[in-house]
Structure formats: C-alpha cells, structure tokens
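J.: predicted model and sequence follow; I will ask about them next.
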Amino acid sequence: MDSWSKVDNQGDLSFSVDTCARCGFCKPVCTTHPFGGGFEAFSPRAKVHYIKQVMRGKEKLTPQWVDRLYQCTTCERCVEVCQTEIPLVHLWEELRAETVRRGIGPMPMHRKMGEAVDEHNNPYGEPAEERSRWMLPHHRPTEGAELLVFGGCTGSYRMTAMLQTGVSILQRMDIPYYYAGGKEVCCSSPMIRTGQLESAARLIGSNIDLFNDLGVKTIVTPCAGCSKTMKSDYPVWAGKLGKEWAVEVRHFSELYVELLRDGRIKPVRRIGKKATYHDPCHLGRSQRIFDEPREILSAIPGLTLVEMEYSRDNARCCGAGGGFKGHYPMMAEEVSDKRVLDAVHTGAELLVTMCPFCQASFSQSIEKLGLSIKLIGVEELLLQSVEG
Ligand code: SF4
Ligand code: SF4
C-alpha cells in the first residue's frame, strides 16, 4: 500500500473509500462536477475510486488529479447524499494535506494565501492593528466578560456589516462581551480546507491560548466558517496540541434565536417585504443550523419568507468555500451567479444570508448581473425590526 494510507489519521478513511457503492448519488449534486465538461473523472465518485487506487499503489498522484482535488468548495452536498456515509469532505481535506506534505499542493493562490497568513495572521495580508476598524463608536467591549466576540478575517476586514450589527444587538440587549482585536488571529479554516496544516496548527494554538488566557466561556461569531472550524476542528486540534479546550462556540444565529425565544428581543417594526433565505454550506449542512435563521425571519412582522428550489440540506453553494474562489475565481463566480438566480426566481425582493463569504460572492454577482434583489443579513433585518 502506498504511503497515502498514512493520511488516514482518523483510522477510517481507507475503510471509507472501500465502502463506496459506486451509486453515483454524489455526482448530480456536486457543485463543481459541471466544470468537468461531463467527464466522470470530475465527480466525487471518480475521485473516491482514484484515491483508492492511489492508496493501493495502482495509480500515481498526478498534477492533474491534484488540481481536481482542489476543485471543490467543501460544500458537503456529496456528504449529505452519500448512501454509505463516507466522510467525503474530511477525505478531500486529508488528501489535500497530503499533497502539501508531498510538495505538490496546494494551488498557487492558496500558497499565497498561506504566506499572507504566516506573515499577518489573516489571508488578506491586512495589518493586525486594523482588525478592529469595523467597530462603531457606540461599541464598548467589557474587559473580563465571559462572552467573546470572534470577528473572523472576512467579518473584520471585508464584510463587516454582520459583525457590526451583531455587536450592536449585544449592546442593545446589555449583554457584556469582550473583543480581542488584533490579538485574535485567523480561525485557520482556509488553512485546514486547503491542507496547510502547519499554519493551521500555529493559528489554532494561538487562538486557544488567547481564549484560555482571557478565561472566556463562550465565543460568538458571525462567520459560518469560523464557527464550523471552532466547533468541529478545534477540539481535535486542542488534543493534538496538548491544550485545554472548554469553550462553547456559537454562531450569532444561535444567540439571536435564544434571545427571541426568551422574549428578550422583540421584533415589532413591520418589514413588508418578500425574502428568501440562503443556507450557507458551513452553517447549514456543517452545523445543522437550518431552522434558527428561518425562525428569526418568521418572527419579523410583515416579512414573507419564500423558499428557493434548493434549500436547507439541499441548498446550492455560493462558490466561496474550501479555497475554491481563491484559485478558481471564474468558476466560483458562475456558482454564485446560479445561486443568486435561484433567489431571483422566487420573486423575493430580499436575498438573506448569515455568512460573510456568501455575502461577498452574492454582492459581486448581483452587481455584475445588474439585478434588483437586495442582499441583506438576518441580523440587519432583526435590528431594523427591533429598532422600530
Ligand atoms: S464538497 Fe461539494 S464541491 Fe466538493 S465534491 Fe462534494 S459536492 Fe462536490
Ligand atoms: S454517493 Fe457515496 S457511495 Fe455513492 S458513489 Fe458517491 S461516494 Fe460512492
């Protein structure tokens, strides 16, 4: 057996590829399979078969296949339908890490992103002291608070509205929170998803030390990628790094819905609009947060919620995940355009999301296609309704 078997950190991946029933359920749902021009080699099924052959030493890992492994948004649609429950995204990530170990991955733009992370602790290459520039004048973090707001790189440096609004809601509810500014570093999601695990380990170690030093009990973040990574990857990595991990991680949607159910937040102002909600892959399929955003939207007086043809666990991807947009921007744009048009076809005036990556992709598509649908976050609608 080829040294690929060493990739099998969880002890189940080589077994997983053996269990593939070759049913092909994963093929029609795959976000990136259509870019393969109909060739089977681009389907998740074919990748599983190829990986099995590589593990058995019957195939060599060629640059062409490395490229195919990175042509994936880690959207988990394949995972959702796989009848033999192969942890496909986990498999793709493990294999990407192996390509990096062998010096044949990641793709050039991912490497650049990794260099920016290593130098500046964020994939955008922005200075740490600018990380808190999203804060509004009325935002007043409380030192020693048990709740820590984790901004994330995209939330802090690029798509800041979700973070600003989330913190404004905390202030309005008199919920004490702390924010660590430039001491917070990238959650490591882009590094894990693209197989750059040395950088990931450094970032995770730094964040865990920060959280433990601050003594926080709960972290809340507006980012689907950060919350997924901290919920699913941090506990495993804390073990590997020999660090204590006793923090509860929440996406802002979980906090809003709790405030709503407790009657602490009351949407009263009517918003007489038709809205459709997009389930971000890393919030919906990864964290099973499907109902919470819909519950919040349904509580807003006058707001009518209409579903897209593909929604909840079957939702189509925005194209931004897994480093796909970084290295394959044209394809990512096509994926995003398709999703925005799904929203337009519902007749909704508002396209509502809860992930800064989806927001970034959709805003570009809406502008490029000259569409009138308005992009907005769940939290913005909530705050507008509460402020009435
Ligand atoms: S995670 Fe998404 S893009 Fe990647 S193989 Fe699965 S369905 Fe295709
Ligand atoms: S859905 Fe799962 S079992 Fe079926 S072909 Fe795809 S990977 Fe194999």
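T.: Structure received. What you see is a predicted model; the values in this text were computed from it and never measured. Numbering: from 1, shown residues only. Ligands and ions are numbered 1, 2, ... in the order given.

J.: residue 171: how many residues sit nearby?
T.: Using other Cβ atoms under 10 Å, residue 171 has 16 other residues around it. Glycine gets a C-beta too; all of them are placed from N, C-alpha and C.

J.: pretty sure it contacts residue 140?
T.: Yes - applying Cβ atoms under 8 Å as the test, residue 171 and residue 140 come out as touching, 7.1 Å apart.

J.: could you pull out the strands for the stretch 251-388 of the chain?
T.: Taking DSSP state E, counting those that start in this stretch as the test, the strands found in the stretch 251-388 of the chain are 274-277, 304-306, 350-353, 374-377.

J.: can you list the strands that the third one pairs with?
T.: Using DSSP bridges, the strands paired with strand 350-353 are strand 274-277 (parallel), strand 374-377 (parallel).

J.: figure out which of those strands is closest to ligand 2.
T.: Closest approach to ligand 2 among those is made by strand 274-277 (26.8 Å; Cβ to the nearest ligand atom).

J.: tell me the mean pLDDT for the closest one?
T.: The pLDDT scores in strand 274-277 average 98.

J.: so what's residue 227 closest to, chain neighbours aside?
T.: Spatial nearest neighbour of residue 227, excluding adjacent residues (Cβ to Cβ, 6 or more residues apart in numbering): residue 251 at 4.1 Å.

J.: go on, residue 323?
T.: residue 194 (4.2 Å).

J.: the one you found is in contact with residue 325, isn't it?
T.: No - with contact defined as Cβ under 8 Å, residue 194 does not count as touching residue 325 (11.6 Å).

J.: how about the strands paired with strand 350-353 in a markdown table, adding mean neighbour count and distance to ligand 1?
T.: Shown next, in a markdown table, are the strands paired with strand 350-353 (neighbours: other Cβ atoms under 10 Å; distance: least, Cβ to the nearest ligand atom, whole Å):
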| stretch | mean neighbour count | distance to ligand 1 |
| --- | --- | --- |
| strand 274-277 | 21 | 20 |
| strand 374-377 | 20 | 23 |
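
J.: in a markdown table, list those along with distance to residue 136.
T.: Listed next are these as a markdown table, based on distance: least, Cβ to Cβ, whole Å:
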| stretch | distance to residue 136 |
| --- | --- |
| strand 274-277 | 25 |
| strand 374-377 | 15 |
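
J.: for residue 318, find the nearest of those strands.
T.: Nearest to residue 318, of all the strands paired with strand 350-353, is strand 374-377, at 11.2 Å by Cβ to Cβ.

J.: returning to what we had before: redo the strands paired with strand 350-353 as CSV? Include distance to ligand 2.
T.: Formatted as CSV, these follow (distance: least, Cβ to the nearest ligand atom, whole Å):
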stretch, distance to ligand 2
strand 274-277, 27
strand 374-377, 33
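
J.: low-confidence ranges, the stretch 51-200 of the chain, go.
T.: The model of the stretch 51-200 of the chain has no residue with pLDDT under 70.

J.: OK, contacts around residue 215?
T.: Going by Cβ atoms under 8 Å, 6 or more residues apart in numbering, residue 215 touches 144, 146.

J.: how about it, phi and psi?
T.: With angles defined as degrees, to the nearest 10, residue 215 shows backbone torsions of phi 70, psi 30.

J.: and if you look at residue 95?
T.: In terms of degrees, to the nearest 10, the main-chain angles of residue 95 are phi -70, psi -40.

J.: and the gap between it and ligand 1?
T.: 12 Å (Cβ to the nearest ligand atom, to the nearest Å).
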